[in-house]
Structures are given as structure tokens and as C-alpha cells.
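> prediction below, plus the sequence it came from.
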Amino acid sequence: MTDAYLRIEDLTKVYERGQVVALRDLSFTVAKGEFLVVIGLSGSGKSTLLRCINRLIEPTRGKIVLDGVEITGLSPSRMRRVRRRIGMIFQQFNLIRRSTVIANTLTGRLGYMPTWKAMIGLFSQDDRERALENLARVGLREKAYVRADELSGGQQQRVGIARALMQDPELLLADEPVSALDPATSHSIMQYLEWMNRERGVTVLASLHFLSLARRYGTRIIALKDGQLVFDGPPKLIDNAKFKEIYGEDAEEVEVR
Amino acid sequence: MADSSPALPLKTRLLSFFLDWLVWGYVAYGVMYLLNHYWYTVHVDWYGTLTLPAWGWPLVVAGTLEMAALCRALGRSLGQRVWGLNVVSVSGARPRLGQRLRRAVVWSLTVPVQPAFAVLRRPLLHEVLSGTRLVPAPRASGTPARAALLTQWGVMSVFLAVFTIWLGWLIAEVNVPVLFERLRPVSTTRDARVPALRSGEATTLRVPATLAEARQVFTVTADPQGRVAESDTVNNTQRITLDLNASRPDLVIEAIIPRSWDRSRGLGQPFEVEVVVRNQGPADAGPFMVRLQTGETAYDAGVSALPGREAVSISYPVVLTTSPQVFTAIADVGNEVAESDATNNAQRLTLDLATAGPDLVISSITHSPLNPDLGRGQPVTLTVVVRNQGTADAGPFVVRTGWTETSRVVEMWRELGNPDFEYFLQPDPVFVRRGLSHSILNLMVVTIFMALLATVLGALFAFPVSFAGARNIMGFNAAGWAVYGLVRGFFNVFRSIETILWASVFAVWVGWGTFAGVLALTIHTIAALGKLYSEQVESIDPGPLEAVLAVGGSRWEVIRHAVIPQVIPSFWAFTLYRWDINVRMSTIIALVGGGGIGDMLFLYKDEGMWGKVGAVVICIVVVVWLMDYISGRLRERIT
Amino acid sequence: MRDYPEGYLSERPSWTTAAGLADLVSAKLTVVGRGLSRSLLDILAVALLWVLVTYIYLWYGHKIYGYTVIPWWLFGVLTVELGALWGAFGVSPAQRLSGRRLVREDGGSPRLSQRVVYWLAWHVSVVPVLTLLVEPPLHERLSGLRFERVRTTGAAPIPWYRTSTGLYTAGVMVATVVAAIGVTVTWTNLQRLISDAWRTAKFWQALVSPDTSILQASFRDLIVTVFMAVMATTFSVIVAVPLSFLAARNLMKGPLGRIVYTLLRGTMSIVRSIEPIVWAIVFLVWVTARRAPFAGLLALWVHSIADLVKLYAEQLESINPGLIEAITSTGAGRLSVLRYAVVPQIINPYVSFTLYRWDINIRMATVVGVVGGGGIGQRLYSYVSGQQWSLAGTVMLMIVILVWAIDYLSARLRAKLA
């Protein structure tokens, strides 16, 4: 492993005036080019962790250092400059449902545009071509002018990927990208992520529900339980005992094909 | 000629055309209105006029038709956009300009014979000759949509919006400056003419005025236009302050008279100046000093007391040192008397050796007694004495009396902000005289009861009737449909007539009072609730219906066991919602004789007692807000 | 997970931090509030019944308005006492509403002696409010009783007429309706309803056979009415859209935001509870009756703003926050997030609400005319007050057609938008 690309130190997040602790003194590092999968039960803090990294959620305490820059203390405007190199895809896709696919894709360029241009929707010709290119990459070139809510779930998630691609990301955060999809579509989406990781050199942090998917795609896995790190290592090291520790005694492993 | 495009129903074609025609008809109306407003008429009546010469109407009809046709042929018009239609050439491509023009021209020439083609279901002539078709537009998917502002319908929409606002601005007489103008104080002036005033003489004028406020300043100016060539033009104004609640003295200098003074004796001559001090207020003034000042020298004299309306004369020996020389007399220099107006105590006299001239001053202003019971707005007569203290006669001039009232709007808001809860518990005597015990609390309770009774009665009537207005219950045979149509028609017509209009009808029918209000609310409630109930019945899940029918239930059993259980929760919600509306409505229904709290509200408003209006409005707000909250909470619990 | 290690932000006890203190106070207030509101609700229920009964008695017996036959202070004492008795010995409305009953610590049904102790202790515990700060409150401790959520599984529910609350509710409902009838309906009025029906015959007749002589003039008034509504709606949208962002709870965070939110929502709900007619009265004085349509327009404008701000803000509060996250994560600025994440979600509901409000404004514009607010309503009211029934009927017919047409149009458009 090369030196740390992303370093997280003592990250703590407490919600609702101390009532709920989502992350508890979490520390780990991620090397450049890794495909890191975060697993854990619902409510174990996976989503909070990902959102703390691009500061959609303000951490209560702790340090996040990305590529040598400590992002926990950045001003909002500088944070925006950091964010535009961090792509993110979501469980519920979070597309503008009434807009066309290409309009959704183009929003990925918003971080690179002056505000006034963004306000009147003045995307450059270059951006439009790139959007079509990225849509072609995820196999949606012919759907470019269709409204987003007319697409199937898998197609919507591919639009989400195209949107993230528009950002030229160095880091991709995927928050349960396949939880709302059926198994076959899940694999296609995961393959797009794998492609980004391998071909584009994008460091990927994906949170997943299914261990089988994590084993298949991750180069490294970390597991969270009650906001604490309970496992950190390569996929093959997760044996049955470890699995029970992460998911509880009653859990059974399910295979996603 | 075979038509490859999907068939377009004639109805859609006509409807979309009528929309376009309507748009141009509207534009024509607006243009006429604007022409009338800006050009033809000097004084515009509030509705403008639609007067046209005999040949005007056909011209307008033809013109609008032609515009509509042109728009439809040359681009995508609003009507085509709304119904999703598009003009394409037979091959399916975008039509060329020539084709579009041909389409418009042929259409215009063949309008009279079009119906025949339509009836015979033949391809329309203009479509055949231009090689174009009007077809349902395919959903754009492969191509980027053009920006709306680059299309005809987009431009048209923007134009219509702007046009409407322009027209509406004129028709609704929007006048924003007036909102601010009405906040400014209002000045009133009364002029009295004096034909002539000889030197040293005085004349008395009676000026009718209004006491607009509890404490008001009247300013009287002699010769405001400057018609008289006076030796001193800055001493023409005097003021008086009338205070309804306080009776105070008010000292003024009535006259400054130079005695044994002779122009021929020149500078250095000793003479006497007589100063007359008047207390123009109704109350007595205590001891005070009167000063006569000229240049650096000042002479003081004391007055031990001066009763109300009385005058005292003081003589000062002085020497004329310059020419012209100004003598200023000031009453109460030490400010020892608590006057109603302390700023009107000085007067001046200018003596000029070189020229003789008139010099008009207002000697005194007295007023007729004020009646505190009449309050503000009572008439008051001012008696103004004008004197010519100069050395020459004055020609005709005007004496102007002016006063300033606070804007009625400001006053209204101020009083609304100081609510007067005098009659919250205690009945207002105005109503007691009519044998009614109307306090705010009593009427508020009555108002709530009115709303309640109307809601209960309305719901009781609407509940059974609503089943007759539901398609899925009645749509079994012709008689059922007839009943359905009748009931729905009743709901729609009666719902469109607002409660307050119903109340005005019932007020004549059963007499003014709460019962008329209840009836009005009930009728509107029946219609409104009936419609909501019916729609709810129509939207039920047909499964249980079929289940009951399947076991051999009659129509009544279907309603009892399959429909009612499904609709009851939403019926409750609608009823509570309606109760909420009825409470709001019942507060104002008294305007047309419906009874309730509005009785007090509108009486006080008519009397201009805004403080009491404010109290009633606050009570209404509290009750309406409370009922809103309760019904909202209850609805939340139900659904 | 309340047991997070001592002092999650700093190593201090929780009550020394502002947030911790706020938690403490709010928790205490909740407890106090719950106990107090339960007692208050019972007292209010007793008071309501009392007032209604005396109201009916005085109205029917003596034809006067009255609320208590006894002095107000005695009334206060008695209702408080009766409320306490009800809460201790029966199932009071508050207990029923909250779905809780008094039970023994072991879950059994309370003994009479315990109820008496509870009732007596209630006086020293609830009447001086401060003692409620003790949790559980004094009267519950002393009597060994507590409030427990009732579980109805298995047991057949008691019919409503055998519960005190059911009887109370039915009693209040009947009494209210009786009082309402007593106050609003008089025998003479009822007789006139039958005997004077002929007075309005011409009015009904005109609804089917309109008087054509006034059609053109009325039509002009109708145009004024429509434009009043259109302008009022347009202007109110201009004001309400920016205000709605300030009145949305999810967008207004922080103490300052909270203040603005609360103030704005409060003002709007006050303005909304005042009918447009009352506003029209105010504006008629303001811009004078010479500009009646403008006054009517302003009245509708003010009321529409309040209504639209509420509707808009509620829509804003229900938007999907995921899209905001998505756009924010691309590095977009605050304005861009608004433009690409918020606006697309609200634009259609906003247009839909505006159309709905326009529909209402058309109705209201006819009503506002009654006070002299211009348009067709003014004409109608002048005919009605002059008892020119056939003319009034004609105008009414025109209003019905207009309102119906606009209603239909706006419903169709809204259905298309949804």
C-alpha cells in the first residue's frame, strides 16, 4: 500500500444533542486507488461516515485529511472546491425527477461553473458533449432527452454514475448504491464502479448491505458496528465468526448472484 | 390520398383552434381597451368602452380568425402546444415555409366550405394542397427540446402574461402612489375676502372650520398671495391651538400701535408704543412679563393677571434710532403661563420713515365654545380680527385659515392598534336600545353556534344526498343517471353562489338575523360537502362493493356495508374542514343581515369606531385561529 | 445510546453545557406540561359542560345571555374541584384522549382508598404548579398510583354510553346543538321561511330566464372581477414566493432563522384568519371608495399572500432532502443548490397552488364587492338591497357560470400538473 490518500482520525458524530451516537472515535486510512467497502447493519453509521467525508454532515469531532488537506476545518467555499472532486451516488439515486437525463448529468459540472452561469443553466458546449459521452459510457446515450422519472431504477442509478463522472472525481462515495435494485442490476452497477476504480483510478468508498457483493468487488473491507470499527482487512479474512460479530448472532449470509 | 399519420379527432382540432382564436379575441379586446384608455377617451370610465362602428365587428372577427390561422400554420401555436399537436409535412419532416404559407392561404380561402369536408370525413383542402398534416406530436425523446422562449408558443405566453398585467393594471385601477398619499396629513384651507382695510382699522371675520382632532392647530394668514405691498410681510400669520380636553390660556399680541409718532420728525424722536396683549384662550392667565424689543434694547413690563378672552394695553416709551426699525413684542417672555399654544406669542411692527405702506396683521383669533361630548369632527367657528397697522390703506386681499388633519388611514390604523374592549362582557347600549344583549362574548358564542348548527344540518342533509350524486352508486340505469345529473347540477350551482350572497337572499326571505345566516351557511355547506362526499364515494375501492353484491346484497345493503365504512373517516375530515370554513364565514355574514359577531363589527365600522373594530377583529382572529387549530388536530387524528 | 462516554464534546457534566441544559429543561417542561395539561383539559371539560347547561337554561328560561349563574371566582373553584374529582374517580376526557388510565404500581385496578389519597394529594401537588417538577408527581407517589397506557387486547371494549367520557361527549354535543338552535332559530323566522317564500320567486325565475337588458353592463363588471382576481394572485405570488423560503422550517435553521420563521408564520396565520371582506373594509378607507376595484384587489392580495405563504412553505417543508445532498455533493454553491435541488421539486406544486388560489380569488372577488370592493359583487348587492330580484337573479346566474367555468378550468389544469 502506498501512503494514505484519505486519513480519518477519531471521527465522532453525535446526533440530537447527544442522544444518538452515530460514529464513535473512528480511525482508518485509505490508499489511492483502493476499492473500499464499508459494511454493517442498518444504523451502524455507514451513511454518516460517507457523508462526513464530503461534509454533507458536519462531524462532531475528529479529523479527516484528504490528499494532505484537512477538510474538517475548511471554509464553505473552499469545501465546495474540494467537493467537486468527490463524486457521490445514492441509494435513492436523488435525481431531478422532472428533468431530462442530460440535465441531471450536467448538474455534475455545477461545481466548476460560476454561479450566474449555473442560475440560467448556461452549460458550455464542451460540458454537453462530455455529458453525452458519459451517458454513452453507462449505456444511456439514446435516453439523453427522456425525463429521469421515466427510467427504471438501474437506469436511474447509471444516470447517477454519469453525474458523478462529470465531476472528474478522484474519490467516489457510493452510499448503498444497489440497495434499491434487483440482484442482476446490482451487479451491472457494481461493475461500473469497478470500471471507474480500475480504468479511471478513482478511489471508491462504497457502503454495501451484502457481504457477497463486498467480497466480489472490494479490495478491502471495513465493518462498522454501533459506529465503531470492528473489522478492517481484505475480503478473504472475513470468516463465519467475524461475520457473526459484525451482523449479530442470528444473521445468515445471503448470496447475491 | 392515403394518410399515414395517426388520426386526429375533429374535436381536438376544433378545441385547439378555438383556444387560439380565443387568445386573439382577447388580444383584440385588450387592444381596443388600450386604445380607448390612452387615445380615444379623455376621461376613461372604469370599464372602458367596447364601442365599435358597424363594420368593426366583422373586421375584428375576420382579423382574429386570420391571426389564429397564421399562428397555427407558421409555427407551434399555444392551442397546438396545449393539445400536443404539430404541423408536419406528409413525409413527416418539418414543413417548409412555402408549405406553411400555402396552408394558411388555402385555409383562409376555404373557410366556408370546411365544414362540408369535415362532415364528409375527407382530407381538408388546405392540408391536401399544402401537403401538410396536423398530427399529435410525438413525445420528444431523441432530440433536445428547444428553449421555450425560442418557440412561438413560448413568446406568446410571455406576451399574454405581460399584456394581462398591463390590462389588469388599468382595469383594476391599480394606483400604488395613492396608498402612500393617503398616509400623509391632509391640509384644508378656507379663504375669506376683505375688500379693503384702511390704515389703523380692523375688521372681524367669522370662519367656519372643523375640529378634526382632539388637539388641532389653526393657522390664519392675511394676504397669503402677497397682493398688498406691505411694509412688513413677515408678520401676517397667527395661530391658535384648540384642545378639546384642556382649557388653557393663550396669550397673543393683538396690536402694536405707535403713538405720537410723526414721520416728519425724523430719527431720534421719542414716542410711545402701545402693546395690546390678549388672552385668546378661555382660561385665565397668571402673572407674566411682556417685552418690547428693538435692536439691542428691550423693555419689560409686568402683567399681574389676564382673564380669558380679555386684553390689556401697555405703553412703552421708545426712541426711533434707525429707519426702518423693527419693534417686536413678546408676551410671556419668561414662559410662566401654561398656554395651549406657546409659539404664537410674538408680533412685530416695522416703522419706515421713507415710505408709507399698509401692514396687515392678524390681531386675534377666538373660537366658539367647544363641546367635549361631541368629540372630534365637531364644527367650530373662528372669529378672526385682521388689522392694518401700517401707514397706508390696503386694497382687496384674502384671509386664509388653514388646518392639518392626520390622515384618516393613519388614524384608523392607530385606533385599530388600540383595541377597545369596553363591550367585551358588558352589552353595548346601542343594541340594548333595540332590545338586544350584544356584547362581543355573547355574539362570539352565537357565531360559533351558527357555524356549528350550519355544519351539523349541512352534513345531515348532504350525507344521504351525496350517495345520489355518486356515479358508481347511481350509474346502473337511466333513472339513476338522471338523479345523478340533477344532484350534481344542484351541488355545482349552489356551491358557486357564495355564502354571503345566499345570506343576502335569506335576509330578505326570513328577515335579518342569525337564522338567515344559518340557512345561508347550511345551503352552501350542503352543496360543498355534498360534492366532496360524492367524490369520495366515487373514489372508493370497488372490491368490497363486489363482495357484498356477490353474496346477493341489495343496493341499500351495498351502501350500508361496503360504502359507508370506507368513506366515514374522510367524511369526518371534510365535515371538520367545512366547520372551519363556516366559522370564518359566520364572522362576516352579518354584513348582509346574517347575524353573528359581524353585527358589531360592521356597526362599529360604519360609525368609524376603529378601536372597537380592532377589539372585535382580535376576538375573531383568536376564535378562528382556535377553531382552525382544533379542527386541524382532529383531522390529523382521524386520517 | 444515552450512555455515551462522559461529556461527548468536552469533559464536563451535561448540565454545564448549553445544549445539555436545554435538554434538561425541555425534558422537565415536557413532564410538567403533560401533567398540567391533563388536569387543565379535565377542568376545561367540566367548565364547558357547566357553561353550556347554564347558557341553555338562561336562554330558554329568561331569554338572556349568561354563562355562569354563580360568580366567576366560585365557578373557577368549583370547576377545578370537579375536574380533580373526575380525574381521580372516573375516566376523564383527558385520560381518554391520551389513552391512559390510573393503575396501581403492580398494574391492578386502583382501590377506592388510593383514589381518595390521589385526589387529596392532587390539591397540594397540582394546584401549586411548582411541585409538579417532582417526577413522578407528589400525588402519584403518595397514592401509589400511576398513569399507564391502556391495552385493550383481548377485552371487549365498553360501549360508549357506559363510560363517563362517552356520556360527557354526547351530552356536550346535544347541549351545543340545543343551544345553537335556541340562539339562532326563532319561531317567527321559521314561519316566514314558509310564508315569505314568494318574495324570492322572481330571483329563482331569473336564474332560468335572465333579464338581458343588463347583460352587457354586467359583463363589464365580470371582466373587472376576473382581472381583480388575476392581479391579486399575480402580486401575491411575487411577495409570497420569497417569503415562503423564510417560512419553511427546514430551510430556516439557527436561532435567527427560528425567530424569523415563527414571526412570519404567526403573522401570516393572523392575516389569514381575517376574512378578505374585513380587509376590503380597511382598504376601502385607505384608497377611498372611488377606487373600489383597487381596494378589492388589495384585500384579496393581502389574504392571498398569507394563504400562499402557508401552502408554499408546507410544500417546501416536504421536499426530498436527498436531492439537496446530491447537488451539494457536486460542489455546487448555495444558489445553485436552490436552483437545481429545490426549485425543480416545488415548481409544479407552486403553480398548482397558485391556480387554486386564483380560483378562490375569483369567488372572493365577487364577495368583496358586497362591501363596495368593485366588480360584479357590488352590482349584485345593489340589486339585492334594492330588491330588484330578477336583475339580482341574472347577475347571480352570470356569477355561477363564471365561477363554475373557472373552477373547472383550474381543476383541469391542476390535474394536468399533478
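That came through fine. Numbering: from 1, shown residues only, chains lettered A, B, ... in the order given.
> please count neighbours and contacts with C-alpha atoms only from this point.
Will do.
> what's the burial count for B:G154?
Counted with other C-alpha atoms under 10 Å in any protein chain shown, residues neighbouring B:G154 total 17.
> that one and B:A161 touch, don't they?
No - using C-alpha atoms under 8 Å, B:G154 makes no contact with B:A161, being 10.8 Å away.
> just the C-alpha atoms of the longest helix seen in chain A, please, in CSV.
What stands out as the longest helix in chain A, according to DSSP state H, is helix A:183-199. In CSV, the C-alpha atoms belonging to helix A:183-199 read as follows (Å, rounded to 0.1, in the frame of the first residue of the first chain):
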residue,chain,number,x,y,z
PRO,A,183,-29.6,-8.5,-8.0
ALA,A,184,-28.9,-8.5,-11.7
THR,A,185,-28.9,-4.8,-12.0
SER,A,186,-26.9,-4.6,-8.8
HIS,A,187,-24.0,-6.4,-10.5
SER,A,188,-24.2,-4.1,-13.5
ILE,A,189,-24.0,-1.1,-11.3
MET,A,190,-21.1,-2.5,-9.3
GLN,A,191,-19.3,-3.3,-12.5
TYR,A,192,-19.5,0.4,-13.5
LEU,A,193,-18.0,1.3,-10.1
GLU,A,194,-15.3,-1.3,-10.6
TRP,A,195,-14.6,0.1,-14.0
MET,A,196,-14.2,3.6,-12.6
ASN,A,197,-11.8,2.2,-9.9
ARG,A,198,-9.7,0.2,-12.3
GLU,A,199,-9.7,2.3,-15.5
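> what comes into contact with the helix or strand following it?
With elements assigned by DSSP states H and E, the helix or strand that comes after helix A:183-199 is strand A:203-208. For strand A:203-208, contacts defined as C-alpha atoms under 8 Å, 6 or more residues apart in numbering or on different chains pick out A:31-40, A:46-47, A:50, A:170-179, A:193, A:197, A:214.
> what sits against B:V385?
Residues near B:V385 by C-alpha under 8 Å, 6+ apart: B:A202, B:T203, B:T204, B:L205, B:I362, B:S363, B:S364, B:I365.
> element containing the third one, please.
In this structure, B:T204 sits in strand B:202-211 according to DSSP H and E.
> direction included, what does that strand pair against?
Using DSSP bridges, the strands paired with strand B:202-211 are strand B:378-388 (antiparallel).
> mind listing what's buried along the strand it pairs with?
B:V380, B:T381, B:L382, B:T383, B:V384, B:V385, B:V386, B:R387, B:N388 (16 or more other C-alpha atoms under 10 Å in any protein chain shown).
> again with stretch A:211-219
Buried residues in stretch A:211-219 (16+ other C-alpha under 10 Å): A:L211, A:S212, A:L213, A:A214, A:R215, A:Y217, A:G218, A:T219.
> over to stretch C:227-236?
Buried, per 16+ other C-alpha under 10 Å, within stretch C:227-236: C:F227, C:M228, C:A229, C:V230, C:M231, C:A232, C:T233, C:T234, C:F235, C:S236.
> now the buried residues of strand B:378-388 as a markdown table including pLDDT?
Below are the buried residues of strand B:378-388 laid out as a markdown table (pLDDT from 0 to 100):
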| residue | pLDDT |
| --- | --- |
| B:V380 | 88 |
| B:T381 | 90 |
| B:L382 | 90 |
| B:T383 | 90 |
| B:V384 | 91 |
| B:V385 | 90 |
| B:V386 | 91 |
| B:R387 | 90 |
| B:N388 | 89 |
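> which among the residues you listed gets closest to chain A?
Nearest to chain A out of the buried residues of strand B:378-388 is B:V380 (C-alpha to the nearest C-alpha; 65.1 Å).
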